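*Asks:* build the 3D model from these lines:
(one chain, ligands or ions: 2)
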Amino acid sequence: MLSQNDIRQAAHANGFEDVGFTTAEPFESHREFLQGRQAEYGWAAAVGLELMQGTDPRAIMPTAQSIIILMEVYFREAYPRVMEGHFGRCYLDDDRITKDGLARRIKAFRSHLRDHGIDSKVPFNLPHRVAAARAGMGTFGKNCLFYSNRVARHSSWVLPIAVVVDHPFTPGTPTIEMGCPDWCRNACIAACPTRALKGDGTIDPRRCISFLTYFGEGLTPRDLREPMGLYIYGCDRCQNVCPRNAAWLAADLPLNQKVVQKTPDFDLAALLAMDAPYFENRVWPHMFYMATDDLWRWKMNVARAMGNTRDRRYVPELARALESSGDDRVRAMAAWALGRVGGETARQALQGFKVNKNELLQEEVRLAIEAAADAGSR
Ligand code: SF4
Ligand code: SF4
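*Replies:* Ligands and ions are numbered 1, 2, ... in the order given. All right, here's what the predicted structure looks like:
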């Protein structure tokens, strides 16, 4: 049978920077937390995430005795700035669909366990950050993220992977606590543009830009369009401003070539014009929380981001979307974005908009013409 040290060596051999152990006891406090916040986390069940079931490892694997936590540093290499500006870093090299990176390493690690008589499961709904803190591998931040105690210069750019096993191991000493220094003046809470962070170490996920970009319903309300800024899928703002992350952000990292190669596919103009085959072949395999039916939301987010760049080079694409998109939510956001970018060409595109029976869209165009005039005069 493998010793704890053998497991550590196998984890390191498969590229995991840190490894820890905890028991398979239920995560009672997390269950109570979820029970008390049904209104905020009810959406998870609607999209198939059985978070409540994940709080009991033995409901996932009846023979479970321990949980091994593998720590992946997902920001080990740098990403092109243009990608970081629009997409959360944790999605830039996400191989949950392509299974050509991290998934292979997890599989190799599990094969090693199996070869030595240890059965395992990697449940997606287990509270992996709480499990990692229970294993003593890190603490929490007031931005609700997990910070490593040992790797990536103690930053939050880590992804704990919980592997439930049918073998007992000596658990680590828990560090389930807030690790923020007293001198930090809650930079994350002040920086959150949509006030999703409540200040007591909890978050209203429904107000978080990440959630809004992939699950937001309908046309993004006007009061959220500027705060949501340039983000199209995900948001890293509360991590970027955090002093606990400064040391890693200052590190000189090699560029992730895999992400460099796919960067042209994520060009904003290409995304705004994409059809279903483009989305399914080039975008969805990497960012898959939205299905083809949600293409309108992708495009609406792209139009909003274009508007918030204030860059007039996007006017032709936005004018085309306003004129010919088959979805009024995309057209409305294209109108808003033209108004925000401003300038004579944007104004002409808005004024040339043909009467549409959708009154909300008409109103968006009217307001955008006013905004374009303001933007043009500055
Ligand atoms: S990810 Fe963005 S929107 Fe969500 S809590 Fe952090 S700063 Fe706020
Ligand atoms: S910004 Fe400050 S309060 Fe927020 S997580 Fe970082 S250290 Fe903690």
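
*Asks:* was I right about residue 188 contacting residue 142?
*Replies:* Yes - Residue 188 lies in contact with residue 142 (CB atoms under 8 Å); the separation is 5.9 Å. In this view, the C-beta of every residue, glycine as well, is placed from N, C-alpha and C.

*Asks:* overlap in contacts of those two?
*Replies:* residue 197 (CB atoms under 8 Å, 6 or more residues apart in numbering).

*Asks:* contacts only, for residue 164.
*Replies:* Residues near residue 164 by CB under 8 Å, 6+ apart: 24, 57, 60, 61, 64, 66, 67, 120, 121, 122, 123, 126.

*Asks:* equivalent analysis for residue 266, please.
*Replies:* Taking CB under 8 Å, 6+ apart as the test, what residue 266 contacts is 83, 86, 87, 283.

*Asks:* the residue nearest to residue 25 when sequence neighbours are not counted - how many residues pack around it?
*Replies:* Among residues not flanking residue 25 along the chain, residue 57 sits closest, at 7.8 Å (CB to CB, 6 or more residues apart in numbering). Number of residues near residue 57 (other CB atoms under 10 Å) recorded here: 25.

*Asks:* same deal with the one 4 residues further on?
*Replies:* Here the number of neighbours of residue 61 (other CB under 10 Å) works out to 17.

*Asks:* following the worst-scoring helix or strand of the chain on mean pLDDT, which helix or strand comes up?
*Replies:* In the chain, no helix or strand scores lower on mean pLDDT, DSSP states H and E than helix 38-46, which sits at a mean of 68. Sequence-wise, the next helix or strand downstream of helix 38-46 (DSSP states H and E) is helix 57-60.

*Asks:* what's that following helix in contact with?
*Replies:* Taking CB under 8 Å, 6+ apart as the rule, helix 57-60 contacts 24, 25, 26, 53, 54, 64, 67, 121, 123, 126, 164.

*Asks:* can you tell me which of those residues are in strands?
*Replies:* Using DSSP state E, the subset of the contacts of helix 57-60 located in strands is 67, 121, 164.

*Asks:* what residue in the stretch 251-378 of the chain comes nearest to ligand 2?
*Replies:* Nearest residue of the stretch 251-378 of the chain to ligand 2 (CB to the nearest ligand atom) works out as residue 251 at 17.4 Å.

*Asks:* how close does the spatially most central residue of the chain get to residue 305?
*Replies:* The chain has residue 234 as the residue nearest its centroid, 3.9 Å off, counting by CA atoms, centre = their mean. Residue 234 sits 12 Å away from residue 305, going by CB to CB, to the nearest Å.

*Asks:* also residue 295?
*Replies:* Plainly put, residue 295 is 16 Å away from residue 305 if you go by CB to CB.

*Asks:* please say which of these two ends up with more neighbours.
*Replies:* Per other CB under 10 Å, whichever of residue 295 and residue 305 has more neighbours is residue 305, with 25 against 22.

*Asks:* quick one, what contacts the more buried one?
*Replies:* 86, 229, 230, 231, 232, 268.

*Asks:* ok, those vs ligand 1, which is closest?
*Replies:* residue 231 (7.5 Å).

*Asks:* ok but the closest one is inside a helix, no?
*Replies:* No - counting by DSSP: H, G, I helix; E, B strand; the rest coil, residue 231 is not part of a helix but coil.

*Asks:* any idea which of the contacts of residue 164 is closest to residue 92?
*Replies:* Residue 92 has its nearest neighbour among the contacts of residue 164 in residue 122, at 21.5 Å by CB to CB.

*Asks:* neighbours around that closest one, how many?
*Replies:* Using other CB under 10 Å, residue 122 has 18 other residues around it.

*Asks:* tell me the contacts of it?
*Replies:* By CB under 8 Å, 6+ apart, the residues touching residue 122 are 106, 110, 161, 162, 163, 164.

*Asks:* make TSV from those residues and add distance to ligand 1 and pLDDT to it.
*Replies:* Putting the contacts of residue 122 into TSV (distance: CB to the nearest ligand atom, whole Å; pLDDT from 0 to 100) gives the following:
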residue	distance to ligand 1	pLDDT
106	25	98
110	31	98
161	21	98
162	22	98
163	27	98
164	28	98
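
*Asks:* element containing the closest residue to ligand 1 within the stretch 1-150 of the chain?
*Replies:* At 5.7 Å from ligand 1, residue 143 is the closest residue in the stretch 1-150 of the chain, using CB to the nearest ligand atom. Counting by DSSP H and E, no helix or strand carries residue 143.

*Asks:* just list the residues touching it, thanks.
*Replies:* Neighbouring residues of residue 143 by CB under 8 Å, 6+ apart: 156, 188, 189, 192, 197, 203, 238, 239, 242.

*Asks:* okay, now the third one: neighbour count?
*Replies:* Which is residue 189. Residue 189: 18 surrounding residues under other CB under 10 Å.

*Asks:* next up, the contacts around the closest residue to it other than its chain neighbours.
*Replies:* Excluding its sequence neighbours, the residue lying closest to residue 189 (CB to CB, 6+ apart) is residue 197, at 4.7 Å. Neighbour list for residue 197: 142, 143, 144, 188, 189, 203, 238 [criterion: CB under 8 Å, 6+ apart].

*Asks:* hmm, try it at 7 Å
*Replies:* Applying CB atoms under 7 Å, 6 or more residues apart in numbering, one finds that residue 197 lies in contact with 142, 143, 188, 189, 203, 238.
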